[in-house]
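J.: give me a model of this one.
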Amino acid sequence: MAARRRYDNRAREQKAARTREHIVSAAEDLVHEFESWDWRELTFRAVAERAGVSERTVYRHFPTERHLHDAVMHRLEQDAGVSYDDVDLGDLAEITGRVFASLQRFSVRQSVQATGDPAFVTVDERRRDALRRAVSASAPQLTDTERRTLAGLLDVLWNVPTYERLVGPWSVDAADATRAIGWLMAKVVHAIEHGESPLA
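T.: All right, here's what the predicted structure looks like:
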């Protein structure tokens, strides 16, 4: 009888995992349709309707909308092949290229300036921390101010509005915009690796 109970628990866990996956996929589908990065419309109700489940089911898997947003953001990062855990200057252009390439799968027309959604704030903090670590590891001889400034320059280049500015008002092809930003990032990385400071 105990063996049957263990089997039931495992089956229940598998079903819960499938339901959670279905909810995240539905939320991701919604995000791809949004015209901005403002996720206020990514609500339990909207996700429940898209997933064909009750709001209560969504709530069972995600105690708050913040948890739901974080799960969707994590999924988007996975889909883009992006991890901020082991960023170094050598692969920065490649990671940035992956991020920009993933943008083409969205309906977003323009970024929301300084979005306050905690999921975006968390990703921004992780990206900045990754850049600080990468610059510090490659240029220990520079001052803290110089390293922070260089990491900030890379962040400006990596940021979505930079890409959108080239693709939008400047009508640069998406792939060309990604290559151009990668080219400029490589110049900054070269300067960092040779101990050059923008503040000298």
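J.: quick check: domain ranges of the chain?
T.: What the record gives for the chain is the domain set 1-80, 81-200, from automatic domain parsing.
J.: wait, Phe62 sits on Ala27?
T.: No: when contacts are counted by C-beta atoms under 8 Å, Phe62 is not listed as touching Ala27 (9.1 Å). To be clear about C-beta, it is placed using only N, CA and C from the backbone, and glycine gets the same treatment.
J.: which secondary structure elements does the helix or strand of the chain with the lowest mean pLDDT contact?
T.: Averaged element by element with mean pLDDT, DSSP states H and E, the chain has its least confident helix or strand at helix 92-103 (a mean of 81). Other helices and strands packing on helix 92-103, by 3 or more C-beta pairs under 8 Å, 6 or more residues apart in numbering; DSSP states H and E, are helix 65-80, helix 144-158, helix 160-167, helix 174-193.
J.: which among those helices is found nearest to Arg50?
T.: When the helices and strands packed on helix 92-103 are ranked by distance to Arg50, counting by C-beta to C-beta, first place goes to helix 65-80 at 11.9 Å.
J.: what is the rounded mean pLDDT of that closest one?
T.: In this model, helix 65-80 has a mean pLDDT of 90.
J.: re the thing from before, which one's more surrounded, Phe62 and Ala27?
T.: Ala27 (27 against 21; other C-beta atoms under 10 Å).
J.: mutual contacts of Phe62 and Ala27, please.
T.: Common neighbours of Phe62 and Ala27, using C-beta atoms under 8 Å, 6 or more residues apart in numbering, are Leu68, Ala71.
J.: from the centroid of this protein, which residue is nearest?
T.: The centre of the chain sits closest to Glu77, judged by C-alpha atoms, centre = their mean, with a distance of 4.8 Å.
J.: and that residue, what does it touch?
T.: Counting by C-beta under 8 Å, 6+ apart, Glu77 has contacts Ser83, Val123.
J.: that one and Phe62, how far apart?
T.: 17 Å (C-beta to C-beta, to the nearest Å).
J.: what does Ile95 give?
T.: 28 Å.
J.: then Phe100?
T.: Counting by C-beta to C-beta, the gap between Phe100 and Phe62 amounts to 29 Å.
J.: next, the angle helix 65-80 makes with whichever helix in the chain runs longest.
T.: In the chain, taking DSSP state H as the definition, the longest helix is helix 2-33. Helix 2-33 and helix 65-80 meet at an angle of 80 degrees, taking axes from the mean of the first three to the mean of the last three C-alpha atoms, to 10 degrees as the criterion.
J.: and helix 2-33, what's buried?
T.: Burial within helix 2-33, assessed by neighbour count using 16 or more other C-beta atoms under 10 Å, is assigned to Thr19, Arg20, His22, Ile23, Val24, Ala26, Ala27, Glu28, Leu30, Val31.
J.: go on, stretch 185-200?
T.: Buried positions in stretch 185-200, judged by neighbour count with 16+ other C-beta under 10 Å: Met185, Val188, Val189, Ile192, Ser197.
J.: which one of the residues you listed is nearest Val72?
T.: Distance ranking of the buried residues of stretch 185-200 against Val72, using C-beta to C-beta, places Met185 first at 27.2 Å.
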